[in-house]
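>>> Could you look at this predicted model? Sequence included:
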Amino acid sequence: MRIKYLLPLVAMFAIGCTTSGNSDDVDRRVEELLSQMTLQEKIGQMNQVSGGYQFSDMIREGGVGSILNVVDPVEINAVQRIAVEESRLGIPILVSRDVIHGFRTIFPIPLGMASTFDPAIVEQGARVAAIEATASGVRWTFSPMLDVARDPRWGRVAEGSGEDPYLDVVMGVAMVKGYQGEDYADPTSMAACVKHFVGYGAAEGGRDYNTTMISERALRNTYFPAFKACVDAGALTLMTSFNDVDGLPSTGNEWLLSDVLREEWGFDGMVVTDWNSAGEMVSHGFAEDLKHSAELAIKAGVDMDMMSFGFLQHIEALIDEGRLSMNQIDDAVRNILRLKFRLGLFDNPYVDESLAREVAYAPEHLAAAKQCAVESAILLQNRGEVLPLRDDVRKILVTGPMADAPFDQLGTWAFDGEEAYTVTPLAALRKEFDVVYEPGLFFSRDSDTRGISAAVRAAKGVDAVVVFVGEEAILSGEAHCLSQLNLQGAQSELIAALRATGKPIVTVVIAGRPLTIERDMANSDAVLYSFQPGTMGGEAIADLLTGRAVPSGKLPMTFLRDAGQAPFYYNHPMTGRPNNGTETLLNDIPLKAGQTSLGCTSYYLDSGYGPLLPFGYGLSYTTFEYSDIAIDKSCYSPNDTIVVEYNLTNTGKYDATEVVQLYVRDYVGSVVRPVKELKRFERVELKAGESKHCRFELPVSDLAFWNRDMEYVVEPGKFGLWVAGDSATGEAIDFEVR
Ligand code: GLC
């Protein structure tokens with residue numbers, strides 16, 4: 001008997017949200033205003049433009065509903081005054097911006113925030129971003145990006161929470177709550193925009209904007225959960241994605257935007273296209289022309305058009321020709337007006353122009369950004385316990401192109417961060433050590449090796465070498481995809497040359513994605529990975545290198561040995577011929593080997609099977625021991641809750657935090673199932689030598705998935721459960737659901 005669950009597991013994130021006035025009051029005000037609007041004024045609300053002053057006339061005529069990319073409070077108030085005091089109905093414009101990982105105070109890129117496995121610090125970061133951005137007049141951000149990403153060649157892995165749907169849910173909800181706060185009409189509340197709906201991270205070849213081939217079941221089991229959780233958590237807006245899913249561009253996909261989003265999920269927020277994604281349906285070969293794309297987008301369920309101008313130019317004709325109805329326009333305008341009323345814009349349209357500079361870089365904001373950067377760093381290797389640097393290490397060489405890169409350290413999509421406020425690792429380490437600084441290379445793509453000899457010479461006279469490598473900010477983010485993932489330029493040569501000096505080598509990677517660093521790890525004693533850590537990255541890294549802080553970050557994405565292994569993710573289905581570790585590798589193949597003489601399993605002749613490092617992996621300066629892992633029953637009924645208990649002991653000499661992860665496997669399903677799925681995690685703080693008895697509670701309903709009949713059910717049968725420090729270790733505890 002299958003147990004059907006009406007509300008997917010993510011519904012547990014549903015939280016009560018307050019708005020400006022109760023929803024009846026808001027709806028009444030919406031209807032009153034709508035009844036006064038002309039068609040042109042309705043069309044104007046559906047139009048979003050990038051800029052301020054230059055659209056003054058259009059705003060005065062009621063032709064603009066929202067602007068983006070203006071952050072000067074003076075300009076924002078000026079154009080707002082035109083909208084409110086000079087247009088016929090005085091409808092305020094909604095000011096938006098890509099506030100992706102901070103506004104002025106820049107936090108680690110979202111992939112780094114996900115590495116914290118700490119929703120509290122991520123929510124705090126979103127709250128700080130909202131306080132700083134709304135002080136400038138921005139009330140709508142195009143964040144969080146919820147695109148599950150399994151291919152590090154895709155530049156936008158930087159902007160999401162990695163490869164796991166559950167981590168994506170937790171981080172997405174945290175950001176929505178942080179941005180929007182408890183009262184949407186509070187002047188510091190900033191509307192979230194969950195994006196890009198949907199499947200954008202599955203671009204074929206990891207090449208941005210490329211086609212995706214995702215089944216409905218994969219959408220529902222992998223790509224929908226974070227969007228549904230954020231809708232349940234009250235996300236006020238959603239953005240459609242550039243890509244097509246199985247031939248249908250999301251911006252014109254009525255099943256997605258109406259059947260699923262509105263009918264199934266009950267979303268009553270506002271849907272905006274991505275930048276000209278409506279117009280791009282012509283390029284897709286899905287729309288005849290801009291007019292046709294406007295028709296398709298509105299019929300699908302889009303409310304606002306970002307920068308195609310197709311709505312502005314063609315809606316009136318589409319109505320005259322009977323291709324669109326006034327009801328469709330009214331529905332879109334209702335969603336836009338409802339958002340503006342909820343945000344309190346009609347009652348409070350202007351911003352205090354002195355506020356922006358007052359709140360920017362507030363000490364508590366910088367402290368939160370530093371804490372987030374500390375928790376986001378992942379210790380990948382620590383041979384000989386080189387870290388934390390010992391007290392007798394006094395003179396160090398600081399080298400590499402990312403040691404003093406205040407702009408690039410802020411990472412991709414940090415539009416309003418100011419490099420003058422960045423604390424670089426060089427600046428922070430100079431306060432702690434007798435530092436010799438030789439960059440060796442001047443930027444991450446630098447292949448001019450002449451500077452390496454100076455770094456090597458300097459290394460000979462120090463106690464330890466700390467080399468900072470990685471990626472300039474421009475090398476990840478939108479449209480910045482790579483077919484190779486090795487360190488760019490001569491960075492690997494720099495590390496190898498330093499290795500040859502025999503000095504302890506600490507390599508710190510500051511990058512926007514997982515890179516293929518197997519050989520660089522071999523040439524290093526310790527490796528710390530920091531997904532572009534933002535404004536306070538230098539201080540955070542200095543705290544970690546000195547031991548004032550202990551690494552706790554965990555990988556939100558699998559690290560590959562070679563880009564050719566992509567896409568590779570821990571929660572993959574098992575094949576019919578799983579690798580079994582006996583495979584013959586390239587250089588072991590005998591000459592004239594017979595066609596079937598090698599292992600007929602799923603692997604690569606040249607790079608084998610496994611990744612470099614698994615999802616959820618991360619070391620500490622201490623060690624942890626898991627013991628007495630037990631579940632309360634061996635067989636559960638559908639309405640039960642699985643109680644998982646375990647002991648965790650800090651068996652080392654540093655107080656530290658472990659991110660404990662709970663994985664489950666459904667051994668047999670009506671469709672093939674992932675070999676593991678993250679279902680819970682928690683950060684457990686332990687003093688050196690301390691033990692704690694801990695527990696997870698996992699409702700059996702959380703084992704539900706969309707099955708062969710496209711029902712959301714828990715299928716009875718055998719399951720495995722793991723409690724461990726990453727996705728690749730631990731012993732399974734088996735149980736049954738009947
Ligand atoms: C971009 C991005 C989207 C962003 C929007 C506005 O092309 O795809 O994430 O929010 O345009 O800048």
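Perfect, thanks for sending it.
>>> Can you list the neighbours in contact with stretch 564-584?
By Cβ atoms under 8 Å, 6 or more residues apart in numbering, the residues outside stretch 564-584 that reach it are 150-153, 163-165, 206, 557-558, 560, 597-611, 614-616, 672-678, 727-728. C-betas here are computed from N, CA, C, even on glycine.
>>> Surely Tyr603 and Tyr609 touch.
Yes. With the criterion set as Cβ atoms under 8 Å, Tyr603 and Tyr609 qualify as a contacting pair; they are 4.0 Å apart.
>>> So between those two, which is more surrounded?
Legend: neighbour count by other Cβ atoms under 10 Å for Tyr603 and Tyr609, higher for Tyr603 (22 against 16).
>>> and the contacts of stretch 564-584, which of them are in strands?
Among these, DSSP state E puts 677-678 in strands.
>>> Using ChimeraX, make a named selection holding only the buried ones among the contacts of stretch 564-584.
Entered in ChimeraX, the line below selects the buried ones among those, by 16 or more other Cβ atoms under 10 Å:
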select :150,151,152,153,163,164,165,206,557,558,560,598,599,603,607,608,609,610,611,614,615,616,673,674,675,676,677,678,727,728
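>>> helix or strand for the closest residue in space to Val26 that isn't next to it in sequence, which one?
The shortest distance from Val26 to any non-neighbouring residue, by Cβ to Cβ, 6 or more residues apart in numbering, is to Phe341 (4.6 Å). Using DSSP states H and E, Phe341 falls within helix 326-342.
>>> and what of Lys228?
When elements are defined using DSSP H and E, Lys228 is found to belong to helix 225-232.
>>> again with Thr582
Per DSSP H and E, there is no helix or strand for Thr582.
>>> looking at it, Asp446 is touching Ala490, isn't it?
Yes. Assessed by Cβ under 8 Å, Asp446 is found in contact with Ala490 at 6.5 Å.
>>> These two - which one has more neighbours?
Under the neighbour definition other Cβ under 10 Å, Asp446 and Ala490 were set side by side, and Ala490 has more, 21 against 18.
>>> Run a quick neighbour tally on the residue of the stretch 1-150 of the chain found nearest the ligand.
Among residues of the stretch 1-150 of the chain, the one nearest the ligand by Cβ to the nearest ligand atom turns out to be Phe142. It sits 3.2 Å away. A count of neighbours around Phe142, defined by other Cβ under 10 Å, yields 24.
>>> what's the pLDDT at it?
Listed pLDDT for Phe142 reads 98.
>>> Does it touch Val194 like I think?
No. Under the criterion of Cβ under 8 Å, Phe142 makes no contact with Val194, lying 9.5 Å away.
>>> So for those two, which residues contact both of them?
By Cβ under 8 Å, 6+ apart, Phe142 and Val194 have these common neighbours: Met239.
>>> Which other helices and strands does whichever strand or helix holds Ser293 contact?
Element membership of Ser293 [criterion: DSSP H and E] is helix 290-300. When contacts are defined as 3 or more Cβ pairs under 8 Å, 6 or more residues apart in numbering; DSSP states H and E, helix 290-300 packs onto helix 280-284, helix 310-320, helix 326-342.
>>> Now tell me what touches that helix from outside.
Everything outside helix 290-300 that qualifies as a contact, by Cβ under 8 Å, 6+ apart, is 251-254, 256-258, 273, 278-282, 286-287, 305, 308-311, 313-315, 317-318, 323-324, 328-329, 332.
>>> Give me the neighbour count for the residue of the stretch 351-500 of the chain found nearest the ligand.
The minimum distance from the stretch 351-500 of the chain to the ligand, using Cβ to the nearest ligand atom, falls at Glu478 (5.5 Å). By the measure other Cβ under 10 Å, the count of residues near Glu478 is 17.
>>> Tell me both backbone torsions, phi and psi, for it.
Main-chain torsions, Glu478, degrees, to the nearest 10: phi -60, psi 130.
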